[in-house]
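S.K.: Please find the sequence and the predicted model below.
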Amino acid sequence: MTTPHPDVSHDGSALAPPPGCPAHGVSAEGIRRLYGPDAEANPQGLYEELRGQYGPVAPVLLHGGADVEVPAWLVLGYPENLDVMRTPSRFSRDSRRWNQWDRVPADSPLNPMVGWQPLCVFADGEEHERLRGAVTAGLEQFNRHGVRRYVKRYTEQLVDSFAAKGEADLIRDYAEKLPMMVVTRLLGMAPGESPDLVEPTLDLMKGTGTAAASNDLVTRTLAELVERKKKNPGRDLASSLIGHDPKLTDNEIIEHLRLTLVAAHQGTVNLIAHTLRLMLTDPRFRGSLSGGQMTLPDALEQVMWDNPSIAVVPGRWATGNTTLGEQHINKGDLLLLGIAAANVDPAIRPNLSAPVHGNRSHLAFSSGPHECPGADIGRAIADTGIDTLMGLLPGLELAVPATELTLDAAWLTQRPASLPVKFPPRHGDGQSTGEVSQPLPPSVPVDSPSSGPATAVAPGRRSWWRWLLHR
């Protein structure tokens, strides 16, 4: 990972000196931190306080390292976020434009997320199209039916690992593991490699002191994968990137594999976690599902409105002095896309209790030229995973009062810290001690994710829709 000389932009021109504070007329003491216990205890509350104080664009401080705070702008408004996302001529993805690089140490926890890399998400124009084209071509080889086969098989494996106990933590034992198992297979890894990547992939998104080391571990693992796939290519993303025309460098291939792994894993973990929490704790949410007012895919869209997987997305960098949300933005200032805040902007959602399920105009997958190319894969993993899980565990319910559930929040993400559940224990033959059911069908061998039909649900398995109705 490289960063430029702090006083030179991507095209070699001189940058304006870094300002002491991004907001003119606002003292540094008056700017809220976007990190730390206070911010993480109630991030949505912080967003609303900032909206009330500053409007749709607010100055904030980020944790840049030991004793280092760096200023940025948090974009809170829905139309303002769309403006930033859709106008790369004003707000570039090239982080080398940042006017704060002289204040950011080499081991800063910000570097894994904003340090310039040869990635499509740090490029604009023709370079962006070249790199993004390679990724989309690789992802297009996977159809939803093939992905669903992986999801069903791995869900069955995970449930088998804790079904006999009659209890589990659906975050630790399921939500964190399933997306990694699926995504690593799509990348081209062997099944046994996924467990070692779960913790470091989650860690590098948290901006902790170990984020840089976690990022290095993930990158080394992917570099080894690329070397293997050069010798033994297959039908996977790594092989597709290696063989793409025009050719990508090894560094570009590794970094795009890392981008896909981190984004797909983190985003899908959070989507599954938030959806399961609502199904287990919110009677209105369960009622809409069981009553047919919304389907599970619709429910996922509702969750992405109210609890987007990535709450804050860094970043964009102003290509020149400009104005946004009545705030003066200096050339080189960093802007953070406040997805969670924008999705509940009173300008577009004056009544938050009104359902928006099925409406895909949320910003959970961004918009404009950098809109997430793997959105359908994430949806397929969450939809199929939750559907299969509920079918395998009849009688599933929370093992603690809902009031005891807490959020695991960081400056970029937030999700339930744990979801302890209980259910009638299942014997090794697939039967529950509390309810007799047909044994599960054997798993279909997985050769490539797009071959053959999806695994059928056992005819004797109790529908999770009946579970909802029962509740």
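M.R.: Happy to help now that I have it. Numbering: from 1, shown residues only.

S.K.: So for the residue nearest the centre of the chain, what's the pLDDT?
M.R.: The residue lying closest to the centre of the chain (C-alpha atoms, centre = their mean) is Gly267, at 2.1 Å. Looking at Gly267, its pLDDT reads 89.

S.K.: same question, Thr210
M.R.: So Thr210 comes in at 81 (pLDDT).

S.K.: wait, doesn't it sit right on Asp216?
M.R.: No: taking contacts as C-beta atoms under 8 Å, Thr210 lies outside contact range of Asp216: 10.2 Å. No exception for glycine: its C-beta is placed from N, CA and C like everyone else's.

S.K.: before we move on, the earlier item: give the buried residues for the host helix or strand of the residue nearest to the centre of the chain.
M.R.: Using DSSP states H and E, Gly267 sits within helix 250-281. Buried residues in helix 250-281, counted by 16 or more other C-beta atoms under 10 Å: 251-281.

S.K.: So which residues make contact with the strand or helix carrying Gly52?
M.R.: Using DSSP H and E, Gly52 sits within helix 43-54. Applying C-beta atoms under 8 Å, 6 or more residues apart in numbering, the contact partners of helix 43-54 are 23, 32, 34, 38-39, 58, 60, 74, 76-77, 311, 327, 338, 340-341, 344, 409, 414.

S.K.: Show the residue spans covered by the strands in the stretch 1-150 of the chain.
M.R.: Remark: strands assigned in the stretch 1-150 of the chain by DSSP state E, counting those that start in this stretch are 32-33, 57-65, 68-75, 91-92.

S.K.: quick one: which of the ones you listed is nearest Thr221?
M.R.: Relative to Thr221, the nearest member of the strands of the stretch 1-150 of the chain by C-beta to C-beta is strand 57-65, separated by 25.1 Å.

S.K.: C-alpha coordinates for the closest one, PDB please?
M.R.: Written as PDB, here are the backbone C-alpha positions of strand 57-65 (Å, rounded to 0.1, in the frame of the first residue of the first chain):
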ATOM      1  CA  VAL A  57     -23.000  18.000   6.000                       C
ATOM      2  CA  ALA A  58     -21.100  18.100   9.300                       C
ATOM      3  CA  PRO A  59     -17.400  18.400  10.300                       C
ATOM      4  CA  VAL A  60     -16.000  15.400  12.300                       C
ATOM      5  CA  LEU A  61     -12.700  14.100  13.600                       C
ATOM      6  CA  LEU A  62     -11.200  10.700  12.800                       C
ATOM      7  CA  HIS A  63      -8.800   8.600  14.800                       C
ATOM      8  CA  GLY A  64      -5.600   8.800  12.700                       C
ATOM      9  CA  GLY A  65      -3.300   7.000  15.100                       C
END
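
S.K.: Thought Ser367 was touching Leu82, still the case?
M.R.: Yes: Leu82 is within contact range of Ser367, at 5.9 Å (criterion: C-beta under 8 Å).

S.K.: could you pull out the strands for the stretch 251-400 of the chain?
M.R.: According to DSSP E, counting those that start in this stretch, the stretch 251-400 of the chain carries its strands in the segments 312-318, 322-324, 327-329, 334-338, 397-398.

S.K.: for the stretch 301-450 of the chain, what spans make up the helices?
M.R.: Assigned by DSSP state H, counting those that start in this stretch, the helices in the stretch 301-450 of the chain fall at 339-342, 375-392.

S.K.: do you know which of the ones you listed lies nearest Leu352?
M.R.: When these are compared by C-beta to C-beta, helix 339-342 sits nearest Leu352, at 12.5 Å.

S.K.: Now that closest one: average pLDDT?
M.R.: Mean pLDDT, helix 339-342: 96.

S.K.: Pull the residues that contact that helix.
M.R.: 43-44, 47-48, 50-51, 74-78, 80-81, 307-308, 310-313, 363-364, 366, 414.

S.K.: which parts of it are buried?
M.R.: Across helix 339-342, burial judged by 16+ other C-beta under 10 Å covers Ile339, Ala340, Ala341, Ala342.

S.K.: Make CSV from these and add distance to Asn359 to it.
M.R.: As requested, these are exported to CSV (distance: C-beta to C-beta, whole Å):
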residue, distance to Asn359
Ile339, 15
Ala340, 16
Ala341, 18
Ala342, 14
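
S.K.: Could you single out the nearest of those to Arg220?
M.R.: Nearest to Arg220 out of the buried residues of helix 339-342 is Ile339 (C-beta to C-beta; 30.2 Å).

S.K.: What is the burial count for Asp160?
M.R.: Residue neighbour count, defined by other C-beta atoms under 10 Å, stands at 14 for Asp160.

S.K.: doesn't it fall inside a helix?
M.R.: Yes: under DSSP: H, G, I helix; E, B strand; the rest coil, Asp160 falls within a helix.

S.K.: Next one: it, what pLDDT does it get?
M.R.: pLDDT, Asp160: 95.

S.K.: now swap in His357 and tell me
M.R.: At His357, the predicted lDDT confidence score is 75.

S.K.: for Thr136, same thing?
M.R.: Thr136 carries a pLDDT value of 94.

S.K.: how far does stretch 71-91 stretch from start to finish?
M.R.: Distance across stretch 71-91, first residue to last, is 17 Å (C-alpha to C-alpha, to the nearest Å).

S.K.: quick one on the thing from earlier: distance from the helix holding Gly267 to the middle of the chain?
M.R.: How far helix 250-281 lies from its chain's middle: 4 Å, per C-alpha atoms, centre = their mean, to the nearest Å.

S.K.: do the same with stretch 153-160
M.R.: Put simply, stretch 153-160 sits 22 Å off its chain's centre (C-alpha atoms, centre = their mean).

S.K.: Can you mark which positions in it are buried?
M.R.: For stretch 153-160, the neighbour count (16+ other C-beta under 10 Å) marks Arg153, Tyr154, Thr155, Glu156, Leu158, Val159 as buried.

S.K.: any idea how far Glu156 lies from Met189?
M.R.: Between Glu156 and Met189 the computed distance is 20 Å (C-beta to C-beta, to the nearest Å).

S.K.: right, I mislabeled it, should have said Asn42
M.R.: Counting by C-beta to C-beta, the gap from Asn42 to Met189 is 38 Å.

S.K.: So between those two, which is more surrounded?
M.R.: A count of neighbours by other C-beta under 10 Å puts Met189 above the other of Asn42 and Met189, at 24 against 14.

S.K.: where does the stretch 351-471 of the chain dip in pLDDT?
M.R.: Counting by pLDDT under 70, the low-confidence segments of the stretch 351-471 of the chain come to 427-471.

S.K.: Mind doing that once more with 90?
M.R.: Across the stretch 351-471 of the chain, the ranges flagged by pLDDT under 90 are 353-359, 372-376, 394-395, 407-415, 426-471.

S.K.: repeat for the stretch 101-250 of the chain
M.R.: Scanning the stretch 101-250 of the chain for pLDDT under 90 picks out the ranges 106-113, 117, 142-146, 190-216, 246.

S.K.: What residues does the nearest residue to Pro308 once chain neighbours are set aside make contact with?
M.R.: Leaving aside its sequence neighbours, Pro308 sits nearest to Ala364 (C-beta to C-beta, 6 or more residues apart in numbering; 4.0 Å). Contact analysis of Ala364 by C-beta under 8 Å, 6+ apart lists Gly267, Met304, Trp305, Pro308, Ser309, Ile310, Ile339, Asn343.
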